[in-house]
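Q: output the structure for:
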Amino acid sequence: MVDLSTTYLGLNLKNPLVVSASPLSKRIDSIQRLEQAGVSAVVMYSLFEEQIIHESLELDHFLSHGSETFAESLSYLPDTGTYSVGPEHYLEHLQRVKQAVSIPIIGSLNGVSTGGWIEHARLIEEAGADALELNIYYLPVDDNLTSAEVEDAHVTLVRDIRAKVKIPIAVKLSPYFTSLPNVAKRIVEAGADGLVLFNRFYQPDFDLEALDVVPHLVLSNSNEMRLPLRWISLLYGRVQTDFALTSGIHTAIDVLKAMMAGANVVMMTSALLRSGANHVQQVLGDLQEWMQEREYESITQMQGSMSQQAVAEPAALERANYMRVLSSFDGDDRSDLHTAISDNIVYPKLYSSEETNSDL
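A: The predicted model follows:
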């Protein structure tokens with residue numbers, strides 16, 4: 001029997017399959033089914049900075065303000081009805097989950113600024129979380145805000161949260177940095193124990209009949225793992241930290257590629273929403289079969305074996321083999337083009353707006 005165990009954020013995990021932050025963690029029985037299916041850990045759905053600020057403003061209103069001033073102040077914050085349950089319920093739910101399952105549970109904070117809300121990192125630790133994932137979901141639109149200021153804000157936020165907790169911290173990053181290796185290094189130096197690559201930005205759509213902007217959730221497919229796969233391959237050995245690859249993990253082959261790139265774990269949600277918890281058993285079974293056929297004894301044996309420092313042609317990772325890819329296609333062969341398009345079309349299942357509060 002091959003050894004599928006790995007380590008992530010100082011946690012000993014029985015295999016590299018971790019459930020990413022999503023609606024799947026909102027019900028205890030759902031987490032129990034995932035544990036029975038074989039996942040090694042679960043990241044809780046995110047507690048948003050906006051939720052905490054909204055609740056704080058509401059409390060401040062009842063203690064010291066009139067309703068006429070409070071109503072205006074709330075208009076500057078998103079309606080909490082579009083988010084998951086509030087901070088107190090989140091902490092209570094986390095405590096109940098920890099009592100119901102034996103696998104590690106990782107709390108999740110989603111925010112972009114420093115301030116009083118980060119005190120909830122300590123409360124999540126006290127509720128029993130084995131680690132904390134900080135999901136920095138930020139899209140800068142201020143044309144006066146420089147890239148250096150954005151990067152400094154990320155580093156400061158990680159440093160401030162590190163000062164609040166003793167449990168391990170993973171930081172979920174966006175790929176949209178001018179120099180991702182430098183940002184990754186600085187965030188690790190600020191106190192992060194791991195990096196989750198990458199945050200998946202959901203793009204809105206336009207409703208031309210209602211002339212409105214609407215949420216549009218599309219579940220991932222395996223092609224989407226190429227971006228984090230490439231960057232983990234490049235960062236492995238350069239930035240001394242744990243890596244989690246998220247977005248696009250659907251099959252055992254996806255898991256194997258992530259491990260060989262240098263990831264400690266992979267994070268899966270879209271495949272579970274499509275196929276249910278039993279999909280975990282299929283992936284783990286295929287993973288063991290592939291490794292046995294090729295005489296791999298353990299996951300750790302393959303980790304990093306296809307990273308930039310290990311492959312014979314590192315330029316293929318650094319420049320994505322740009323010239324070779326472009327020159328490999330013969331534009332005169334239309335049958336090849338039709339086949340390529342047909343093989344790569346994915347018709348994702350869409351989910352309702354109620355399920356958009358997640359990090360799929």
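
Q: in stretch 129-147, what counts as buried?
A: Within stretch 129-147, the residues scored as buried using 16 or more other C-beta atoms under 10 Å are 129-138. In short, each C-beta sits where N, CA and C put it, glycine included.

Q: ok, now stretch 153-166?
A: 153-155, 157-162, 164-165.

Q: adding secondary structure, write those residues out as a markdown table.
A: Below are the buried residues of stretch 153-166 laid out as a markdown table (DSSP: H, G, I helix; E, B strand; the rest coil):
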| residue | secondary structure |
| --- | --- |
| Ala153 | helix |
| His154 | helix |
| Val155 | helix |
| Leu157 | helix |
| Val158 | helix |
| Arg159 | helix |
| Asp160 | helix |
| Ile161 | helix |
| Arg162 | helix |
| Lys164 | coil |
| Val165 | coil |
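
Q: quick check: the farthest pair among those?
A: Greatest spatial distance among the buried residues of stretch 153-166 (C-beta to C-beta): Ala153 and Val165, at 19.4 Å.

Q: can you redo the buried residues of stretch 153-166 as JSON lines with pLDDT?
A: Shown next, in JSON lines, are the buried residues of stretch 153-166 (pLDDT from 0 to 100):
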{"residue": "Ala153", "pLDDT": "92"}
{"residue": "His154", "pLDDT": "94"}
{"residue": "Val155", "pLDDT": "96"}
{"residue": "Leu157", "pLDDT": "93"}
{"residue": "Val158", "pLDDT": "96"}
{"residue": "Arg159", "pLDDT": "96"}
{"residue": "Asp160", "pLDDT": "94"}
{"residue": "Ile161", "pLDDT": "95"}
{"residue": "Arg162", "pLDDT": "96"}
{"residue": "Lys164", "pLDDT": "93"}
{"residue": "Val165", "pLDDT": "96"}
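
Q: hang on, the earlier thing: among the buried residues of stretch 129-147, which lie within strands?
A: Taking DSSP state E, the ones among the buried residues of stretch 129-147 that sit in strands are 131-135.

Q: and which of the buried residues of stretch 153-166 is nearest to Ile28?
A: Nearest to Ile28 among the buried residues of stretch 153-166: Val165, at 23.9 Å, using C-beta to C-beta.

Q: skip the chain neighbours and tell me the closest residue to the closest one.
A: Using C-beta to C-beta, 6 or more residues apart in numbering and skipping the chain neighbours, the partner closest in space to Val165 is Glu125 (4.6 Å).

Q: quick one: secondary structure of the one you found?
A: Glu125, by the three-state scheme (three-state DSSP), is helix.

Q: doesn't Val39 fall inside a strand?
A: No. Under three-state DSSP, Val39 sits outside any strand and is assigned coil.

Q: extract the CA atoms of stretch 21-31 and return them as PDB.
A: Taking C-alpha atoms only, stretch 21-31 is exported to PDB below (Å, rounded to 0.1, in the frame of the first residue of the first chain):
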ATOM      1  CA  ALA A  21     -13.700  27.100   1.900                       C
ATOM      2  CA  SER A  22     -17.200  26.700   0.500                       C
ATOM      3  CA  PRO A  23     -20.900  26.100   1.400                       C
ATOM      4  CA  LEU A  24     -19.900  22.400   2.000                       C
ATOM      5  CA  SER A  25     -18.800  23.300   5.500                       C
ATOM      6  CA  LYS A  26     -22.000  25.000   6.500                       C
ATOM      7  CA  ARG A  27     -23.600  21.700   7.700                       C
ATOM      8  CA  ILE A  28     -22.000  19.300  10.200                       C
ATOM      9  CA  ASP A  29     -23.400  16.300   8.500                       C
ATOM     10  CA  SER A  30     -21.900  17.400   5.200                       C
ATOM     11  CA  ILE A  31     -18.400  17.600   6.800                       C
END
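
Q: mind listing what's buried along that stretch?
A: Neighbour-count burial for stretch 21-31 flags 21-26, 30-31 (criterion: 16+ other C-beta under 10 Å).

Q: cool, stretch 1-11 as well?
A: By 16+ other C-beta under 10 Å, the buried positions in stretch 1-11 come out as 2, 4, 6, 8-9, 11.
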